[in-house]
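K.L.:
this one's sequence-less:
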């Protein structure tokens, strides 16, 4: 289905199953379909599973602007309101964790049961004097330059680092890499570039007190895309009562490199 946001933009949504609702928020530069392994496991466990494509990506509208976390949070709020889910669990992967943080800060947790941050960019990725373990600004500038030069070549190369090709003991298949590329090229080039600024430079540290619900943080120790120290470990240390689960040796895209483990951890936490 498609829903319309208050700003008049269209968000593509998939709403499947019955039971306790869970919204899965995808990472850059993919779509809601990246959650294939988790969607199936949650449906079979009796959950209602909702995924959506972020504005500018997949089958959602591709507006020229609006690629900021305030707007992304408003889009998430529109999905929650239009689908009339009274208490929902939110699971955000990579930049999708930012939607959760900003949504809670802007709207509160009244409609949220619990939250999961998977390989998330929260609380702050950019390296500066206040965040010495962060990622150099030059890395993000180089990403944008490569996207402008040859977005397709960049996406294929990026996917290999994303999944730790040559690193993990259970590498993803070439077919899964092809599928990842197919999802990524559906995005607006403008959205692909603008979101690098969004996830690379947004400081979510002021949003962290809004996490007043049970929160699970999952991160791979070998994540080269979103390093664990300024992200997963920092988030867990700053969110009251958060539980941190580190996946030793896993890369960024652990939803595909360690799907069975992630599914077990999600199901155990959501049932709590």
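P.N.:
Received, thanks. Only a predicted model underlies this, so the values are computations on that prediction, with no experimental measurement involved.

K.L.:
Next one, pLDDT for residue 169 please.
P.N.:
For residue 169, the pLDDT comes out at 64.

K.L.:
who's in contact with residue 100?
P.N.:
The contact partners of residue 100, taken as C-beta atoms under 8 Å, 6 or more residues apart in numbering, are 25, 76, 90, 92, 115, 117, 122. No exception for glycine: its C-beta is placed from N, CA and C like everyone else's.

K.L.:
oh, I was asking about residue 228
P.N.:
Residue 228 sits in contact with 219-221, 246, where contact means C-beta under 8 Å, 6+ apart.

K.L.:
backbone phi and psi for it, please?
P.N.:
Note on residue 228: its backbone torsions stand at phi -70, psi -30 [degrees, to the nearest 10].

K.L.:
Tell me, how many residues neighbour residue 238?
P.N.:
16 (other C-beta atoms under 10 Å).

K.L.:
pretty sure it is touching residue 123, no?
P.N.:
Yes: Residue 238 is within contact range of residue 123, at 6.1 Å (criterion: C-beta atoms under 8 Å).

K.L.:
Which residues are in contact with each of those two?
P.N.:
Shared contacts of residue 238 and residue 123, counting by C-beta under 8 Å, 6+ apart, come down to 205, 208.

K.L.:
Save the contacts of residue 100 as CSV, and put in secondary structure, pLDDT and neighbour count too.
P.N.:
Formatted as CSV, the contacts of residue 100 follow (DSSP: H, G, I helix; E, B strand; the rest coil; pLDDT from 0 to 100; neighbours: other C-beta atoms under 10 Å):
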residue, secondary structure, pLDDT, neighbour count
25, strand, 99, 28
76, helix, 97, 25
90, strand, 98, 28
92, strand, 98, 26
115, strand, 98, 28
117, strand, 99, 31
122, coil, 98, 35
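
K.L.:
With distance to residue 98 as added columns, please give these in CSV.
P.N.:
Shown next, in CSV, are the contacts of residue 100 (distance: C-beta to C-beta, whole Å):
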residue, distance to residue 98
25, 9
76, 10
90, 12
92, 7
115, 12
117, 9
122, 6
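
K.L.:
Find the nearest non-adjacent residue to residue 137, please.
P.N.:
Distances taken as C-beta to C-beta, 6 or more residues apart in numbering put residue 126 closest to residue 137, at 6.3 Å, once the chain neighbours are dropped.

K.L.:
so where's this structure uncertain?
P.N.:
Where the chain drops to pLDDT under 70, the residues are 168-170.

K.L.:
Which residue ranges of the protein form strands?
P.N.:
Listed in chain order, the strands of the chain (DSSP state E) span 2-4, 10-16, 21-25, 48-52, 88-93, 112-118, 215-220, 243-247.

K.L.:
show me what contacts residue 17?
P.N.:
Applying C-beta under 8 Å, 6+ apart, we find residue 17 in contact with 42-43, 46-49.

K.L.:
cool, and residue 12?
P.N.:
When contacts are counted by C-beta under 8 Å, 6+ apart, residue 12 touches 1-2, 32, 52-53, 58-60.

K.L.:
Any chance of the backbone angles for the closest residue to it other than its chain neighbours?
P.N.:
Of all residues not flanking residue 12 in the chain, residue 59 sits nearest, at 3.8 Å (C-beta to C-beta, 6+ apart). When read as degrees, to the nearest 10, the backbone of residue 59 gives phi -100, psi 10.

K.L.:
hang on, residue 59 packs against residue 188?
P.N.:
No: if you go by C-beta under 8 Å, residue 59 and residue 188 don't touch, sitting 11.8 Å apart.

K.L.:
Any figure for the gap between residue 85 and residue 76?
P.N.:
Distance of residue 85 to residue 76, computed by C-beta to C-beta, to the nearest Å: 11 Å.

K.L.:
Could you name every residue contacting both of these two?
P.N.:
residue 23.

K.L.:
Residue 203: how many residues sit nearby?
P.N.:
Neighbours around residue 203, by other C-beta under 10 Å: 15.

K.L.:
Just list the residues touching it, thanks.
P.N.:
By C-beta under 8 Å, 6+ apart, the contact list for residue 203 reads 123-124, 126.

K.L.:
What of residue 200?
P.N.:
121, 125-126, 135, 137, 139-140 are the contacts of residue 200 under C-beta under 8 Å, 6+ apart.

K.L.:
same deal with residue 80?
P.N.:
Contacts of residue 80 (C-beta under 8 Å, 6+ apart): 23, 88, 111.
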